[in-house]
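**Q** Got a predicted model here, sequence first, then my questions.
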Amino acid sequence: MNAAKILRVPEPAQRHDAVMDDGAVIQLRRHGNPAGPRLVLAHGNGFAIDGYYPFWRLLAGAYDLVLYDQRNHGRNPPHDIARHDIPQFVADMDRLLDIIPARFGAKPMVGVFHSISGVTAIRHALENGFRWAGLALFDPPLIPSRGHALHEDARAFELGLAEWAASRPDRFANIDSLAARFAGAKSLSGWVPGVHGLMARAITRDDPATGDRILSCPRAGESQIYTTNAGLDLCPRLGALTGPVMLIGSDHDHSHARAPGRVNRAMHAEHGIEWIAIPGTSHMLLVEKPGACAATLEGFLARHGLTPRRNQASTASRRTMR
């Protein structure tokens, strides 16, 4: 793996260091077309939004993109992990929903969130009101209530990840060594070319004392998020969401299918939430089939009047990706 071949994320048109209620800093980055409809994007636990560049670059020609990493992830400076949990992510989201329009101008916002960021958006909307023009949630790892046929499967999946995260390697000689680990994992074999290195760069930072690359999100913090999520019980309340919501799930019949894809399908059946699965994908669907994910997102936006009048730029660029 050659670091020189890693996909490069362009510099944002604007950036802003948003300060949370406890002093944590979350860096906002603005890309894309400032005249277009606004999409706000964030990532899954332990990852970083720069690593999803093959997906969101397909939207940059037509949409005003505001990207952020969850606290203690990606480009954000380290902060106390004692408050590194989903309730704090929800509080951060509420603050960002005030800061984004104050900094970049007021307009309707659509949340485009993967995995734990999707769970965060659901809990935020249930507790703080639906402040979005719409929510497109990619494979959120929801935990059905105790007694549901999928409860134990979903809960065990999260607790298994918590155990893995607590002891995962957190220090690497260089980006190439982590990229090689990603590339060698069968469950990550479907990532589009260049993403293994891109994600390795996005989720690590330099350790000046040793010259190593270390995880931006401490493994104890990542584990804590999985454990927090395993105890949530949001599913019975999904019908109370008051705005447009779509679940865009992984392929529940995929060879690497996990609980989130199956639960997403069940929540559609039980609560009538709009849902579709992207064939041939696992939980990391946004970096496996970014073109299909972008097209599905734009279909949702179009159905709710949230697309620009002319969308040729994003459509043309999407033809270069699968």
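**A** In hand now; what should we look at?

**Q** mind listing the strands for this protein?
**A** Here the chain has its strands, by DSSP state E, at 14-19, 25-32, 38-42, 64-68, 109-114, 134-138, 171-172, 204-206, 213-215, 245-249, 274-277.

**Q** Can you tell me, leaving aside adjacent residues, what's nearest to Gly44?
**A** Distance criterion Cβ to Cβ, 6 or more residues apart in numbering; nearest residue to Gly44, sequence neighbours excluded, is Ser115 at 3.1 Å. Backbone N, C-alpha and C define where each C-beta goes, glycine included.

**Q** how close does that neighbour sit to Ala42?
**A** From Ser115 over to Ala42 the distance is 9 Å, taken as Cβ to Cβ, to the nearest Å.

**Q** Identify the residue nearest the residue nearest the centre of the chain in space, chain neighbours excluded?
**A** The centroid of the chain falls nearest to His43 when counting by Cα atoms, centre = their mean (2.1 Å). Spatial nearest neighbour of His43, excluding adjacent residues (Cβ to Cβ, 6+ apart): Ile49 at 4.7 Å.

**Q** How about the contacts made by that neighbour?
**A** Residues in contact with Ile49 (Cβ atoms under 8 Å, 6 or more residues apart in numbering) are 41-43, 56, 67-69, 74, 202.

**Q** what's the answer for Ile276, then?
**A** With contacts defined as Cβ under 8 Å, 6+ apart, the neighbours of Ile276 are 246-249, 296.

**Q** Buried only: go through these for me.
**A** Buried members of these, scored by 16 or more other Cβ atoms under 10 Å, are 246-249, 296.

**Q** Report the buried residues of stretch 96-114.
**A** Neighbour-count burial for stretch 96-114, counted by 16+ other Cβ under 10 Å, picks out 96-97, 99-100, 104, 109-114.

**Q** just stretch 132-150 next, same as before
**A** 132-144, 148, 150.

**Q** Pick the one among these closest to Leu238.
**A** Leu142 (8.0 Å; Cβ to Cβ).

**Q** For the closest one, list the residues it contacts.
**A** Counted by Cβ under 8 Å, 6+ apart, Leu142 has contacts 119, 122, 154, 232, 234-235, 238, 260, 263-264, 267.

**Q** The residues you listed into CSV, with extra columns for pLDDT?
**A** Formatted as CSV, the contacts of Leu142 follow (pLDDT from 0 to 100):
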residue, pLDDT
Val119, 98
Ile122, 98
Ala154, 97
Leu232, 96
Leu234, 98
Cys235, 97
Leu238, 96
Pro260, 96
Val263, 97
Asn264, 97
Met267, 97
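
**Q** Among the residues you listed, which one lies nearest to Asp206?
**A** Distance ranking of these against Asp206, using Cβ to Cβ, places Val119 first at 30.5 Å.

**Q** Look up how far His256 lies from Arg155.
**A** For Arg155, the distance to His256 - Cβ to Cβ - is 19 Å.

**Q** Just list what the top helix by length along the chain packs against, helices and strands only.
**A** Using DSSP state H, we find that the single longest helix of the chain is helix 86-104. Applying 3 or more Cβ pairs under 8 Å, 6 or more residues apart in numbering; DSSP states H and E, one finds that helix 86-104 contacts strand 14-19, strand 25-32, strand 38-42, strand 64-68, strand 109-114, helix 116-128, helix 219-230.
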